[in-house]
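>>> Any chance you can model this:
(2 chains)
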Amino acid sequence: MPEIRHQIRFLLNESDVSLAEVAPDEMLLDYLRLRRRLTGTKEGCAEGDCGACTVLVGRIAGDELVYEAVNACIRFLGSLDGCHVVTVEHLKRTDGTLHPVQQALVDHHGSQCGFCTPGFVMSLYALWMRSPQPSDQAIDKALQGNLCRCTGYEPIVKAARAITGYGAPQADPLHGERARVRARLSAMADGSRVEIGKGANRLLVPADVDDLAEILQAEPNATIVAGSTDVGLWVTKFMRDIAPAVFIGGLGALRAIEEGTAGITFGAGVSYSDAFSVLSGRIPPLGRLIDRIGGDQVRNMGTIGGNIANGSPIGDMPPPLIALGGSLTLRKGDTRRTIALEDYFIDYGKQDRAPGEFVEKIHVPLPNPDARFAVWKVSKRRDEDITAVLGAFNVTVRDGSVAQARIAYGGMAATPRRAKAVEAALVGRPWSQETVDAALAAYEVDFTPISDMRASAEYRMMAAKNLLRRFYLATSGGAMPLEVARYEVAQ
Amino acid sequence: MTRHEPLDLKKAEISGGVATDRRHDSAHKHVTGEAVYIDDMAEPAGTLHAYLGLSTVAHGIIKSMDLGAVAAAPGVVAVLTHEDVPGTNDISPAGLDDEPIFAPDKVQFLGQPVFAVVAETREQARRACSLARIEYEDLPALIDIAEAGEDARLVTKPLTLQRGSVGPALQAAPRRISGRMRVGGQDHFYLEGQIAFAMPGEDQDVTVHSSTQHPSEVQHMVAHALGAPSHAVTVEVRRMGGGFGGKETQANLFAAVAAIAAKKTGRPVKIRPDRDDDMTATGKRHDFLIDYDVGFDEEGRILGVDFTYSARCGFSADLSGPVTDRALFHCDNTYYYPSVRAISRPLYTNTVSNTAFRGFGGPQGMLGAERIIDEVAFALGRDPLEIRKRNLYGETDRNVTPYHQTVEDSEAARVIEELEISAGYADRRREIAEFNERSPIVKRGIALTPVKFGISFTATHFNQAGALVHVYTDGSIHLNHGGTEMGQGLYVKVAQIVAEEFQVDIEQVKITATTTGKVPNTSATAASSGSDLNGMAAQNAARQIKDRLIDFATGQYEVPKEQIEFLPGRVRVGNQEIPFAELVRQAYMARIQLSAAGFYKTPKIHWNRDKGKGRPFYYFAYGAACSEVSVDTLTGEYVVERTDILHETGRSLNRAIDIGQIEGGFIQGMGWLTTEELVWDDKGRLRTHAPSTYKIPLASDRPKIFNVELADWGENREKTVHRSKAVGEPPFMLAMSVLHALSDAVASVAGHKICPRLDAPATPERVLMAVERLRAEG
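Numbers count the residues shown, from 1 in each chain, chains lettered A, B, ... in the order given. Here you go, the predicted structure:
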C-alpha cells in the first residue's frame, strides 16, 4: 500500500498551496472566490457551459507541462493535486502592463458588460500559447465554451486574430517559468495516495491504478470522478452527496493511448482533447465529432471513459464506438473482463458495471479499409450543445451490395443503440436508393424516440432516417453539397 | 486630472470628446478581472446569505407549509415568509398589487418564491431550502396561450389601435389572406445573474447594492416592502454584468428579500440565485400568437390589415401592458397601412411573469408586419423585397401610423436602397437561384428587412432624467446621473458629453456609480433612452456650471460674454487663455457654486392611450439588414453565410460603442429567432432553464461574413444630444433578416409559391418541418 498524504498540494498562480481541509465536493471556483478572494474568475452558470469561470490548469503529461483551459465551476479542488492553477489575476504585469491577450481585447472593444471577459481572456490565452497565429476555425473552436451576451463575438474574434501582433508566447511568463514550474510540480508528485476527511465523508486520490482498484474494493460505492463534467453538475445542480469521492483524473496510466494496426486503446481517463489528437488523424469522422462535444474547457476535462461509464442516452461517443465494434475492459480488484460496448448499456441509467468495478480501457477498432464510416450529430445549436439525434454508420459495400452494416444512434432510445432492423434491411441488398428507401420503414421497428426540450419524437425519427439518406448520398457520389458547415468539411 | 503633467496651452483637441471612438471606460478592468460586480465586493464581517424557496406547482393553494427542518438546518439564521414582510408584500411595478414577494396562500406559477432562508453561507441557505415540506392543492393551470379561450383573463387593460375602416377595406380587397404566427419568448441570459446585497443602517435605513437597471424603482419597492419612507433606502449600482431588460423590474424581488432579511437580522445579507433558479423565477421576453388578416391588390399594395397580438404575460401584469402596447406600435414596421386595426391580448397564464427585454414587444410587433409581407409576396410570386419597398411610408403622404403619429423622418427607403446596392442583393438573388437549381439537398435563401423603431418611453412621464455634476478646485469633475451601466457604454458616452462641454480630457471626468442618493426619481435605463435622456441632463448640469464660470469671468476680467470661449484644457477670456483648473480655482475663491443638478425632459411627445392617438415617439431609428443562409433540407440545420447591416445612429456619439450595440443586438436577435427556445412542459415546468438546454448564439454562430456600417449621412432631425440617435434596441430587430432568409430558403423547395409560415424560433426542427410541409404541398 502506498504512503498516505493528508493534504492536497498545488500551485496557484505564484503560490504554493497545501490544504488539509478540502470537502469532497468543494469546487475550485468557490475556493478561488470565497477562500482566496480571487474574484476575477466569475460564476455564470455553475455547469460548465458559459465559460465565465475559465482558468488554466497546468499538469505534467509525460515529459511536458501542458496548460489547458478548464471550467473552475465544475472542477473539484480534490482533482488538482500536483497541478498549476492560473487565474486571470496572473496575467497583468506588476508594472500595470496588460497581457497581449488583454490589450488586444481592450483595443478591439472586446468587452461590454465585462462579466464574461475574464473567461474569454483565459480561453484566448490558452489558444495563443499553443497557436499564436490561429485560423478563424481555431478561434471559433477555442471559444465554443465561452458565452458572451453583449458583443455578438465579432470584436472578440478580431482581437483574437490580432493578439500575435501584441507579443509572442515565448515572452510569456508561463513559457519562461516552465522549467521551474515543472520542477515544483514534480516535487509534489511523491507517489502517495491522498486521503482527506473522515469516514464516508472522504476524498481520495489514488496513487496509481492498482491503488484505485484497491480503494474501490474497500469503497465499492464511492463516486469515481474523472473529468467531472458530469459529476460536477450532480453537486452544483442537484446537491447530491458524492462522498466518498475518488479522483482519477491525474492517473497517468489511465491517460495512456495505445495505437495498434487494428485499432486504438484508450485509457478510461483520456480526455476528449487528448483523444482528438489521435482520432482526428486515424478516424477523422470521430475527430470532427469531438469538435462538437462541449467546448475546449469541457473537452480538456471530460473523458471518453466517463462518457461511457455514466451511461447517458445522449452521450456522443458510444454510438460511433458501437458502430465500430468497440469494447471495454472493466476491472475489479485484479480481475478484468472485456465486453462489447453495446452490451454495456442495459437500460436507462443501468449499465453492466458491478460495485467496485471500474472502466479501465476502451478499445476502438479502426473501420475496415473498404468500409465507409460516418458520424453525424444533429443539435439545436451547432456547437456546444447536447445531441438531439446522432447517427453513426459503418457500412461495407462489396460488388455493389451491402456486405456489412453496423449502424448506431444516440438520442433515439433510453440507451445508445444499434439500428438492427435497419441493418438487416440493408445487408445483402444492393447499395441503392431503393434499398435505402425500403430500409426507412425499419426505423419504426428499431426506435420509439421521445419528445423533450431538445426535439420532438417526430423530428428525431425524421432526422434519423434522413441521416441514412445522407449517408447513402455521401457514399454514392450523390448530390453535393450534402451538409451545411461553417468551414469546409473534407468528406 | 494629472496635476503633474505640464499644461498644454496650445492643445488642439481634448481626448474623449463626443464623436470619438472612445473605448468602454471599464475595458481595462474587464480584461483584468478587476471590475467589481456585486458578488465581488468584499463582504463585511457577519454577512449572511439568502436563498429562495420556490413553488413546485404551477397553480395551487398552499395547504400546509412545514419549514421546521429548514429552520433547524446547519447555519440557518432566519426563515422568511410573507408574514415576515414588515411593509407590503408586493412588488408590482404597475402598482396593481398583483405580485407578492412571497406567495401568501396561493402560488400562481412553478418557481414562484414562497419563502427564503437566511444562513451563514450561501451553500447552507441553498441546501436548507430543499428541506421544506409544502403541500399544495392543485388548481387548473393555463400554461399555453393557444389554449386560452375567448373570455380568457387578461393581466391588464388591452389596447386597440385603429385607423380607417378595416372591415370594409378587407372585404373590398382583391386578395386576402389570414393566418397565425407563433413567436417564442427569450431568456435574457445576462452573464451576471440577479443579485442584491443589503447593508442595514441605523433607524429604518438600508443601503442596497442591486444589479438593476432601475435603482429608483428598487428603492421604492424596498421602501414599500419595509414600510419605510423612500429616504431611508439608498440603492446603488456601479455596473451590471448585462441587463437587456431583465433587470428593469426583475431586480426588485432580490433587493426586497435582501433588505427584509438585513433589517430582520441586523446583518448584511446577500442574495444570488443559482442560474437555474434565476431562469425559472424571473420573467422573460413575451411569446406571442399573432393572428392576421391582410387585404392587398395584385401589385402587392397592402390595403388593410387586422391584427390580434396575444401575449403570454404570466401571472401578473409587471410591464406587460406597455410591452403589448409597444408590439402594436410596431405592427407597421416601415409600412403604411391604409386601414388597420390592431388589438392586444395580454393574457394571464400560470407561468413566470414576463417582462422587459430589448425591443420591449417591438420585435414581436414587427414580425407580424414582416409575416404579412411574406404572405403577400409568395401569394403573388414576387420577391418579398419588392413588396417591402412598395409599402414603405411616404415622405409627404401615406405617412400616418396606426396610432396617428405622422412619420416625419423616414429614412427607410434610403437605407434599403443603399444596402441593396452595397450587399449586391440583386446579383446574389440570381446566384442563389442558380445554386438552388443544381443543389437538391442544401438550399440557400436571402432576405433584406428594414427596421423602424420608435424612440421614447410610451408612458410620457418616464421621459425625464437628472444628473449631478461637481467640479472640484483642482479642475477634476465628478459625474453622476440616473442612467445605469450594463455594458452598453452609457457611462462613457455621458462622460464624453461632459468632457466636450467643459473642453477637458475625459480622464478628468470621474464616472461614478448610479445611486438614488445623488439623483432621485429616475427612470429605468431602458427604451434605448439612456444617452438621449441622461446625456442631455448631464449636458444641462455642465452648462449651468459653465454659465456661472462665464459670468464670473466676465466680471472678474471685464470682458464681454462673447469673448469667453472654452478651448481644450483652457478658457479664452478676452486676449488671455487661462487653464481650466485655474479658472475653477479662481471661481471657488470668489464663492461661485461649482456643482449643479441637471435635468431634461423630452419635448413634443404626448399619448392618449384611451383614444389610441398621439405622438408617443420623439423620433424613429432606422436600419436594415441583408442576410443569406444555407439550409440542409435533410436535417433542417443551417448556417448564416453573410449579413450586411446599414444602421442609422444619427451623428454618433461614439461609433465604436454604437457598432458594438449593433453587432451585439443583431446576434442576440438572431438567437431569439433561431436557437433560443423556451420549453415549458404541461405541468408548467420550464425545461430550458440553463445554458445546457437553452442555447444562445456562440462565436461560431455568427455570420461567416459580417459587414456592419453606420449610415453616417444621418443626423437626428430632432434636437437630441449632439443630434445622435438611440441605438440600444433598434439593431436587435435587424435579425429578422435571418428568419426571412431561412423562410426564403425553405420556400425554394416549392418554387417560392407557398409561404413557409416559419414560426420563431426557427430551430432546425421547425425548418425541417416547414420543408416537409412545403414539399408535401408543392
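
>>> For the residue positioned nearest the centre of chain B, give me its contacts.
By C-alpha atoms, centre = their mean, chain B has its centre lying nearest to B:Arg358, at 2.6 Å. By C-beta atoms under 8 Å, 6 or more residues apart in numbering or on different chains, the contact list for B:Arg358 reads B:244-245, B:665, B:668, B:728-729, B:732. Backbone N, C-alpha and C define where each C-beta goes, glycine included.

>>> Show me how to select, in ChimeraX, the buried members of these.
A single ChimeraX command selects the buried members of these (16 or more other C-beta atoms under 10 Å in any protein chain shown):
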select /B:244,245,665,668,728,729,732
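
>>> Would you map out the domains in chain A?
Chain A breaks down by automatic domain parsing into domains covering A:4-89+A:177-247, A:100-171, A:256-475.

>>> Columns secondary structure, pLDDT and distance to chain A on top of the contacts of B:Arg358, output as JSON lines?
As requested, those are exported to JSON lines (DSSP: H, G, I helix; E, B strand; the rest coil; pLDDT from 0 to 100; distance: C-beta to the nearest C-beta, whole Å):
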{"residue": "B:Phe244", "secondary structure": "coil", "pLDDT": "98", "distance to chain A": "7"}
{"residue": "B:Gly245", "secondary structure": "coil", "pLDDT": "98", "distance to chain A": "12"}
{"residue": "B:Gly665", "secondary structure": "helix", "pLDDT": "98", "distance to chain A": "8"}
{"residue": "B:Gln668", "secondary structure": "helix", "pLDDT": "98", "distance to chain A": "7"}
{"residue": "B:Gly728", "secondary structure": "coil", "pLDDT": "97", "distance to chain A": "11"}
{"residue": "B:Glu729", "secondary structure": "coil", "pLDDT": "98", "distance to chain A": "14"}
{"residue": "B:Phe732", "secondary structure": "helix", "pLDDT": "98", "distance to chain A": "11"}
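
>>> now for the contacts of B:Arg358, which pair is the farthest apart?
The most widely separated members of the contacts of B:Arg358, counting by C-beta to C-beta, are B:Gly245 and B:Gly665 (12.1 Å).

>>> Can you tell me the SS state at the closest residue to chain A within the stretch 151-300 of chain B?
Closest contact between the stretch 151-300 of chain B and chain A, by C-beta to the nearest C-beta, is at B:Gly241 (2.9 Å). Three-state call for B:Gly241 (DSSP: H, G, I helix; E, B strand; the rest coil): coil.

>>> my read: it touches B:Glu192, true?
Yes. With contact defined as C-beta atoms under 8 Å, B:Gly241 reaches B:Glu192; the gap is 2.4 Å.

>>> Output the one helix or strand B:Lys546 maps to as PDB - backbone C-alpha positions only.
Taking DSSP states H and E as the criterion, B:Lys546 maps to helix B:536-557. Provided in PDB are the C-alpha atoms of helix B:536-557 (Å, rounded to 0.1, in the frame of the first residue of the first chain):
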ATOM      1  CA  MET B 536     -29.000  65.800 -22.000                       C
ATOM      2  CA  ALA B 537     -29.400  66.100 -18.300                       C
ATOM      3  CA  ALA B 538     -25.600  65.900 -17.800                       C
ATOM      4  CA  GLN B 539     -25.100  68.500 -20.500                       C
ATOM      5  CA  ASN B 540     -27.600  70.700 -18.800                       C
ATOM      6  CA  ALA B 541     -25.700  70.400 -15.500                       C
ATOM      7  CA  ALA B 542     -22.400  71.100 -17.100                       C
ATOM      8  CA  ARG B 543     -23.800  74.100 -18.900                       C
ATOM      9  CA  GLN B 544     -25.200  75.600 -15.700                       C
ATOM     10  CA  ILE B 545     -21.700  75.400 -14.200                       C
ATOM     11  CA  LYS B 546     -20.200  76.700 -17.400                       C
ATOM     12  CA  ASP B 547     -22.600  79.600 -17.400                       C
ATOM     13  CA  ARG B 548     -21.600  80.500 -13.900                       C
ATOM     14  CA  LEU B 549     -17.900  80.300 -14.800                       C
ATOM     15  CA  ILE B 550     -18.600  82.600 -17.800                       C
ATOM     16  CA  ASP B 551     -20.500  85.000 -15.600                       C
ATOM     17  CA  PHE B 552     -17.600  85.000 -13.100                       C
ATOM     18  CA  ALA B 553     -15.000  85.600 -15.800                       C
ATOM     19  CA  THR B 554     -17.000  88.400 -17.400                       C
ATOM     20  CA  GLY B 555     -17.000  90.200 -14.000                       C
ATOM     21  CA  GLN B 556     -13.500  89.300 -13.000                       C
ATOM     22  CA  TYR B 557     -11.800  90.100 -16.300                       C
END
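
>>> Pull the distance from that helix to the chain's centre.
Helix B:536-557 sits 35 Å away from the centroid of its parent chain (C-alpha atoms, centre = their mean, to the nearest Å).

>>> Angles on the backbone of A:Leu32, please.
Per-residue torsions, A:Leu32: phi -60, psi -50 (degrees, to the nearest 10).

>>> so what's it up against?
A:Leu32 sits in contact with A:38-39, A:41, A:55, A:72, A:85, A:87, where contact means C-beta under 8 Å, 6+ apart.

>>> Using a markdown table, lay out those together with secondary structure.
Output for these, formatted as a markdown table (three-state DSSP):
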| residue | secondary structure |
| --- | --- |
| A:Leu38 | coil |
| A:Thr39 | coil |
| A:Thr41 | coil |
| A:Val55 | strand |
| A:Ala72 | helix |
| A:Val85 | strand |
| A:Thr87 | coil |
